[in-house]
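Undergrad: Need coordinates for the following:
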Amino acid sequence: MKLDQQMARRAARLAAVQALYQMEMSSATIEDVTAEFVSGKLPRETEASYTELEGDIELFKVLVENAVNRQSTVDRTIARHLKNWRLERLDAVARAILRAGVVELEQRPDIPTAVALDEYVEIAHSFFDGPEPGFINATLEACAGDLRPSQPGA
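TA: Numbering: from 1, shown residues only. Got it, this is the predicted structure:
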């Protein structure tokens with residue numbers, strides 16, 4: 001994969017997480033956040049390394065639309081692996097990361113499991129300094145085992 005495509009996908013993932021968070025915290029719609037992504041407002045300018053390239057609009061749409069339109073199914077997939085936690089008790093950013101990650105694992109089998117997991121753990125590191133990235137990694141790995149049982153890295 002070319003570096004430009006990799007960076008475009010990285011920007012789309014980060015923007016999708018931000019969009020899902022924004023939608024949960026406000027009355028923003030899929031159309032609102034997609035327009036912001038297309039206009040370059042997502043990801044935020046503070047993520048300079050991501051804003052230099054245009055994001056992968058198709059990946060962004062798959063992540064956001066499926067996370068919203070299939071939220072109950074996605075949330076059940078995540079909840080099965082939370083042990084003593086309830087999804088509602090997690091930080092809103094962590095929920096957005098997990099939802100986007102599960103959607104990518106489910107909807108984009110062309111993207112290797114290990115790549116998807118690594119990308120969402122990196123996003124988690126950009127938001128959290130504590131144990132959250134490890135928690136997100138473990139949860140997404142468990143979800144990958146359900147969603148991609150025959151794929152290496154799951």
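Undergrad: which helices and strands does the helix or strand encompassing Ala114 pack with?
TA: Per DSSP states H and E, Ala114 falls inside helix 113-127. The helices and strands touching helix 113-127, judged by 3 or more Cβ pairs under 8 Å, 6 or more residues apart in numbering; DSSP states H and E, are helix 3-25, helix 92-107, helix 132-147. The C-beta positions use only the backbone N, C-alpha and C, and glycine is treated the same way.
Undergrad: what's the most buried one of the ones you listed?
TA: Highest mean neighbour count among these (mean count of other Cβ atoms under 10 Å): helix 92-107, with a mean of 25.
Undergrad: what angle do that helix and helix 113-127 make?
TA: For helix 92-107 against helix 113-127, the angle by axes from the mean of the first three to the mean of the last three Cα atoms, to 10 degrees is 170 degrees.
Undergrad: low pLDDT regions in this structure?
TA: Scanning the chain with the threshold set as pLDDT under 70 gives 1, 3, 43-54, 151-154.
Undergrad: Next, work out how far apart the residue nearest to Gln18 when sequence neighbours are not counted and Arg76 are.
TA: Closest residue in space to Gln18, ignoring its immediate chain neighbours: Leu42 at 5.3 Å, by Cβ to Cβ, 6 or more residues apart in numbering. Distance of Leu42 to Arg76, computed by Cβ to Cβ, to the nearest Å: 27 Å.
Undergrad: Same drill for the two, tell me which one is more crowded.
TA: Set Leu42 next to Arg76 and count neighbours by other Cβ atoms under 10 Å: Leu42 wins out with 26 against 12.
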